[in-house]
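Participant: Quick one: sequence plus predicted model below, questions after.
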4 protein chains.
Amino acid sequence: MTLTPEQTAEIATARAGATPTLRATVPALEAMLFTALPVLDHGFVRVVDYMGDDAAVVQAARVSYGRGTRRALEDEGLIRYLMRHHHSTPFEMCEIKFHVKLPIFVARQWIRHRTANVNEYSARYSILDKDYYIPEPGQLAAQSSSNRQGRGEVLDSQTATRVLALLREDAEQTYGHYEEMLSEETGLARELARMNLTLNTYTQWYWKTDLHNLFHFLRLRADSHAQYEIRVYAEAMMETVKAWVPLSYNAFCDYRLGAVTFSAKMMAVLRKLLADEPVDQASSGLSKREWAEMLAALGR
Amino acid sequence: MTLTPEQTAEIATARAGATPTLRATVPALEAMLFTALPVLDHGFVRVVDYMGDDAAVVQAARVSYGRGTRRALEDEGLIRYLMRHHHSTPFEMCEIKFHVKLPIFVARQWIRHRTANVNEYSARYSILDKDYYIPEPGQLAAQSSSNRQGRGEVLDSQTATRVLALLREDAEQTYGHYEEMLSEETGLARELARMNLTLNTYTQWYWKTDLHNLFHFLRLRADSHAQYEIRVYAEAMMETVKAWVPLSYNAFCDYRLGAVTFSAKMMAVLRKLLADEPVDQASSGLSKREWAEMLAALGR
Amino acid sequence: MTLTPEQTAEIATARAGATPTLRATVPALEAMLFTALPVLDHGFVRVVDYMGDDAAVVQAARVSYGRGTRRALEDEGLIRYLMRHHHSTPFEMCEIKFHVKLPIFVARQWIRHRTANVNEYSARYSILDKDYYIPEPGQLAAQSSSNRQGRGEVLDSQTATRVLALLREDAEQTYGHYEEMLSEETGLARELARMNLTLNTYTQWYWKTDLHNLFHFLRLRADSHAQYEIRVYAEAMMETVKAWVPLSYNAFCDYRLGAVTFSAKMMAVLRKLLADEPVDQASSGLSKREWAEMLAALGR
Amino acid sequence: MTLTPEQTAEIATARAGATPTLRATVPALEAMLFTALPVLDHGFVRVVDYMGDDAAVVQAARVSYGRGTRRALEDEGLIRYLMRHHHSTPFEMCEIKFHVKLPIFVARQWIRHRTANVNEYSARYSILDKDYYIPEPGQLAAQSSSNRQGRGEVLDSQTATRVLALLREDAEQTYGHYEEMLSEETGLARELARMNLTLNTYTQWYWKTDLHNLFHFLRLRADSHAQYEIRVYAEAMMETVKAWVPLSYNAFCDYRLGAVTFSAKMMAVLRKLLADEPVDQASSGLSKREWAEMLAALGR
């Protein structure tokens, strides 16, 4: 990621001007506010505003009047209880706003999360910068043979070189023609010229959501099955959430990210396993795939 | 409205503890933060958290990097442009959280606004306070003869006295029986006992929404056709919005609250009126009701 | 539940008039369309419209062109896969509309599910019928001693009789006064008079949602922890879903209703249990409550 | 638009199999069900399912029991009243599902409408067809000089030829390289290879929404300020809505599409104009832009 000198100066300015507030503040998040966390080759995520903290979750759950006595242990227990039992509304009382720079094909996945507010850089109104995503060679993976929407082995070096050259040359050429179409001589409308750009072109947006919906996003996108190019954004955002609401973050890691759900049929198998009763896939009612997933989860 | 000594003390505590933040702060809103604005006989509205300001709206519209130069005049023009052309997403970048105490029948109207986050005092979990709404005699209006869902003339004094007595006695009696059912002797589950309460019993909740959806709420609920008992909440909230985002508030008043929409057929009539051409209801294509509404809007 | 003769006649009329359509139809659901399933003493649920079927879920998942070959086995496997991996958008392609008559305190819980469309009978516009909910004696439970929002033992017969008398008398009295306020002599506005009604008064609404959000509703409300008075509605709706989309319904029962989620910490315990390693609550990192919940889930 | 023989056969099959239903059916919409309406050079819109009709809107407004007497005139008046006064929930009781084939840059605008259900063709899972959008020469417009996000004059023939050649060559080349990356020799994962495609590549999705949100979409996208490439989709959808719910469609055209909203300040000007009082831009409080917009709306 390369920030322009103007951007660096703006961040410095924004970070200089503390003002007093009566609202809940979180020093650990203030420490990283506005700062850009680099993601991929030209992307970033940065927190530009937030509202609420762990205590706001607790307060909403208690709907008590005021912020109450801070009893760390009890608060943690309550937050864990809320997370465990899917009482999601108290987590909706916290809100966060990110500024994100990301490739368009990542933005297309991201926007499927509908319960959020978005303002994207408009290519009808402005000219997109010449920034496009080129994967690291170590990320140039072959199509997975077992998973229809995943990656398998990394490409050999020669093939990788060829792919990178294609990606780079096509991005350069299509961006060059985009510029030509927008030039004074040609003068094509921006809303038309943009269609010549490739899907690895970077865009940027403000993206604002509440903590419950952010956790839902992170559960899906920080998961190992998520595409690498969106997962790295989710991972950077995990760092900011950890600084912001540490109790909620820990409960999320325990009850969502690291949790495993067993179906009714799987529970029947599990009870037999624990009772040392014989059980096999054929008689379990589970498909081969489910059987394998279950054994993997149990570390067998 | 009567706050308990505990509540008053809690508000004082919350207002005592300013901390520094790098986020946008709005001194005029900080000045009223946590303070309860009285509404009806026992209700209130108070702002307990907020995020963003007028500049956040402008910034989202520009998706510039950082907060930019503050050029008040240009910012105001841009905000007015956004409001006029229904570009609503920049207003979604601001968020506000209210703590509200309100009668249940008002809460039932309010909750129909779905794009908001809510945590309500739970009568399964806790016992509701003995607070019920009794209208001022001046609000005891007869059913409107022209509007099937509105109010007409105020009841005469004797009838009003009878109605107030009924409301008061029934609220006292049903609350008394609610207490009896919850007593140690009877011990009925709270989730059942609550069904004996009347709809004017007060409840309370945290209600959080973004500025765009708040404006939508206010347009409908601060309108003269809204039921008085919810309108007074909307009016109190208007004061907080005015302090929070004065430029957006003014644009809202001009382009929404005070605006009038003319249908295609009405526009044809209007153009004839301006050209001094003859026009009457019969030939206008407007219903009698529309015709009357249009003339009223034009001050004729 | 008592339907008026008019209602019975209207249902008969609605059920008489089949017309041809090119859309997917589900004979098992058509067989119960418009018919009222009784719930509680005066309530009901009935399906009044629907869109899509199991094949629509499959089609959306495949985004194939047209409805494809119907290969029952493959379709079922795909639907189970979607449910297991929380790929929820294909289930959103089915929509259903219910007409529900329910006590107001149940409606207040129900409405918290925001992703739905609702049109409720308006007590500003019309007069509510004299229908109020009185529990069966067998449902008159004491407050749970272990669960702050649940029920415990059933009240003894004498106490139950007293509670039922209170509920009935207060409902009768408040409704009587409601009628008096609305009478020609008094003439109070309907929007005011309604505040004198108790929360067990019945209301009714049309409620429309998609299959994904319906499953979310049913998971929470058909759960044994849900309040009995809303659970019986959820159970009646389960019957309609079973008739409508049997494959999706079965997947829902297996992967949601009957499923158990183990946290990361619980998984560590589980792996030890399966390896016959010693483990106890104190060293597990689980709270006593979690430990008990886990053992219960494992049938130990 | 070119349908493959398989697609044409599937549509014919789908249109062959009428079955009886007790639900509301709309013959005029059944007549076009599944049929693809061509849009742009390779795109289409087709209705693949629907639920409800004008009577469902009326019924929801009345929350009557059953479908009531069909009194066309009264129904129309009620629908017009609902539209005029922004009583939007009854329109939410109707639902429609489209299958759309559209360029990715159009899909990116479209998806900003969040209150809808979407299943898109997945380029992680499948290979995108070689279909890209090339504008008609008559649509190759220059950037507008007055509107920062609009189009102005059509490009001259020579410049247009150059632009079309660039668009075509770049689309051909990037698609060719996409195929090479996916070839057996290279074997790059589909989720990576797709990033080399240009934004005018066609994608397709199922898109389902309710009538209220569809009207909101159409108001913005069938508007003359919308980009041509999305407006033509909106216009095709208008035809389907006209067939489906003719009363609601007419009310929408009168009160939304053809309507004009005057701000509070504009209303003050308007009243002076009607009273033949002198008024000019300088003293009106309107900006020059607003003044011009107002005069244009009044046909002056």
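Facilitator: Looks like it came in fine. All values reported here derive from a predicted model rather than from experimental measurement. Numbering: from 1, shown residues only, chains lettered A, B, ... in the order given.
Participant: From now on I want contacts and neighbour counts done on CA atoms only, so please keep to that.
Facilitator: Will do.
Participant: Which positions in the helix or strand hosting A:Arg271 come out as buried?
Facilitator: Element membership of A:Arg271, judged by DSSP states H and E, is helix A:264-274. Across helix A:264-274, burial judged by 16 or more other C-alpha atoms under 10 Å in any protein chain shown covers A:Ala264, A:Met266, A:Met267, A:Ala268, A:Val269, A:Leu270, A:Leu274.
Participant: Save those as TSV, and put in distance to chain C and pLDDT too.
Facilitator: Shown next, in TSV, are those (distance: C-alpha to the nearest C-alpha, whole Å; pLDDT from 0 to 100):
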residue	distance to chain C	pLDDT
A:Ala264	5	95
A:Met266	8	96
A:Met267	7	95
A:Ala268	9	94
A:Val269	10	94
A:Leu270	8	94
A:Leu274	6	92
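Participant: Count the residues that sit near the residue nearest to A:Ala18 when sequence neighbours are not counted.
Facilitator: Sequence neighbours aside, B:Leu22 is the residue nearest to A:Ala18 in space, at 4.5 Å (criterion: C-alpha to C-alpha, 6 or more residues apart in numbering or on different chains). Using other C-alpha atoms under 10 Å in any protein chain shown, B:Leu22 has 21 other residues around it.
Participant: Can you list the residue ranges for helices in the stretch 201-300 of chain A?
Facilitator: Ranges of helices in the stretch 201-300 of chain A, per DSSP state H, counting those that start in this stretch, are A:211-221, A:228-244, A:246-252, A:264-274, A:281-284, A:288-297.
Participant: Is stretch A:57-64 positioned near chain C?
Facilitator: No: using C-alpha under 8 Å from any C-alpha of the partner chain, we find that stretch A:57-64 stays clear of chain C, coming within 12.6 Å at best.
Participant: that older thread, for the residue nearest to A:Ala18, which residues are in contact?
Facilitator: The contact partners of B:Leu22, by C-alpha atoms under 8 Å, 6 or more residues apart in numbering or on different chains, come to A:Ala14, A:Arg15, A:Ala16, A:Gly17, A:Ala18, A:Thr19, A:Glu30, A:Leu33.
Participant: which ones are touching the second one?
Facilitator: Read that as A:Arg15. Counting by C-alpha under 8 Å, 6+ apart, A:Arg15 makes contact with A:Leu33, A:Phe34, B:Leu22.
Participant: so where is the stretch 151-300 of chain A shaky, pLDDT-wise?
Facilitator: Low-confidence regions of the stretch 151-300 of chain A, defined here as pLDDT under 70, do not occur.
Participant: Tell me the secondary structure at A:Val118.
Facilitator: Look at A:Val118: counting by DSSP: H, G, I helix; E, B strand; the rest coil, its state is strand.
Participant: what does the stretch 1-150 of chain A put close to chain B?
Facilitator: Proximity of the stretch 1-150 of chain A to chain B, by C-alpha under 8 Å from any C-alpha, involves residues A:7, A:10-11, A:14-23, A:25, A:30, A:33, A:48-52, A:60-63, A:65-67, A:89-90, A:92-93, A:95, A:97, A:117-121.
Participant: Please indicate which of those residues are buried?
Facilitator: Buried members of these, scored by 16+ other C-alpha under 10 Å, are A:10-11, A:14-15, A:20-23, A:25, A:30, A:33, A:48-52, A:60-63, A:66-67, A:89-90, A:92-93, A:95, A:97, A:117-121.
Participant: What about those, which are in helices?
Facilitator: Judged by DSSP state H, the subset of these located in helices is A:Glu10, A:Ile11, A:Ala14, A:Arg15, A:Glu30, A:Ala60, A:Ala61, A:Arg62.
Participant: Same list, the contacts of B:Leu22, but as CSV with pLDDT please.
Facilitator: What follows is the contacts of B:Leu22, written out as CSV (pLDDT from 0 to 100):
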residue, pLDDT
A:Ala14, 89
A:Arg15, 93
A:Ala16, 90
A:Gly17, 84
A:Ala18, 94
A:Thr19, 96
A:Glu30, 98
A:Leu33, 97
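Participant: Could I get these in CSV, plus columns for distance to A:Tyr202?
Facilitator: Shown next, in CSV, are those (distance: C-alpha to C-alpha, whole Å):
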residue, distance to A:Tyr202
A:Ala14, 24
A:Arg15, 26
A:Ala16, 29
A:Gly17, 30
A:Ala18, 32
A:Thr19, 34
A:Glu30, 27
A:Leu33, 22
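Participant: what sits against A:Thr240?
Facilitator: Shown in contact with A:Thr240 (C-alpha under 8 Å, 6+ apart): A:Leu29, A:Met32, A:Val47.
Participant: can you give me the helices in the stretch 51-200 of chain A?
Facilitator: Taking DSSP H, counting those that start in this stretch, the helices of the stretch 51-200 of chain A run over residues A:54-62, A:72-84, A:104-110, A:157-182, A:190-193.
Participant: quick one on the thing from earlier: right, and the pair among the contacts of B:Leu22 with maximum separation?
Facilitator: Largest separation among the contacts of B:Leu22 by C-alpha to C-alpha: A:Thr19 and A:Leu33, giving 13.9 Å.
Participant: Where does the prediction get shaky in the stretch 1-150 of chain A?
Facilitator: Filtered on pLDDT under 70, the stretch 1-150 of chain A yields the residue ranges A:1, A:64-73.
Participant: try 90 this time
Facilitator: Applying pLDDT under 90 to the stretch 1-150 of chain A picks out residues A:1-8, A:10, A:14, A:17, A:62-75, A:77, A:122, A:124-126, A:141-150.
Participant: residues in it within reach of chain D, list them.
Facilitator: Near chain D, when you scan the stretch 1-150 of chain A using C-alpha under 8 Å from any C-alpha, you find A:105, A:108, A:111, A:114-115, A:124-125, A:140-144, A:148-150.
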